[in-house]
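**Q** Need the 3D shape of this:
(one chain, ligands or ions: 1)
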Amino acid sequence: MAKLPVRKFPDPVLREKCGPVETFDSELFQLLDDMAETMYAENGIGLAAPQVGVSQQITVIDVGEENPNLLEFINPQIVARDGNTPSEEGCLSIPEYRDTIKRSERVTVRALDRTGSTFEVEADDLFAICLQHEIDHLNGVLFIDHLSPLKRALFKKWLKKRGPYEE
Ligand code: ZN
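**A** Okay, here's the model as predicted:
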């Protein structure tokens, strides 16, 4: 396994709409393992493939509330959602910045596992929020895109003051 460099805002790969995974081979397994290692090394609870420069619909998540539990989602789709909840978020691709946005409270996600089999999860709390954040990444959407225009302007000001992220 290897820890991969995490792409930082405004790397254009973070804005690409990811393509679906079609081949379930050792290359995919390697990527999944490397993504998990990268997520743990960065103390993240989720990581999406574009964050390591791969424009494919893959995310790994471990919200580890009770037991550390690594989950892999390939070609995930939110098939149901309900409720509304404020969510204070950060992102490994936008280090040091946190802000509160709105998310659905509960989501149902359908995805494939690494063998290509379909599974479905119903998630709430942090798990639901993390799934929404990571699946956004696969569509080229970042959590700052959910900020109000005013807060978005404040973020830009903050980033200008901070200076660009280094690789
Ligand atoms: Zn993120």
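**Q** Can you list the low-confidence ranges for the chain?
**A** Low-confidence segments of the chain, defined by pLDDT under 70: 66-67, 167.
**Q** Centre-most residue in it?
**A** Note on the chain: the residue nearest the mean C-alpha position is Glu134, at 2.4 Å, using Cα atoms, centre = their mean.
**Q** in the strand or helix carrying it, what counts as buried?
**A** Glu134 belongs to helix 125-138 when assigned by DSSP states H and E. Neighbour counts using 16 or more other Cβ atoms under 10 Å place 127-138 of helix 125-138 among the buried residues. Quick note: C-beta positions are derived from backbone N, CA and C, even for glycine.
**Q** again with stretch 114-121
**A** Neighbour-count burial for stretch 114-121 [16+ other Cβ under 10 Å]: 114, 121.
**Q** Same check on stretch 18-32?
**A** Buried-residue list, stretch 18-32, by 16+ other Cβ under 10 Å: 18, 21, 28, 31-32.
**Q** And these, which is closest to Tyr165?
**A** Cys18 (21.3 Å; Cβ to Cβ).
**Q** Show me what the lengthiest strand in the chain is packed against.
**A** For the chain, the strand with the greatest residue count under DSSP state E is strand 71-82. Strand 71-82 is packed against helix 26-41, strand 58-61, strand 106-112, helix 125-138, with contacts defined by 3 or more Cβ pairs under 8 Å, 6 or more residues apart in numbering; DSSP states H and E.
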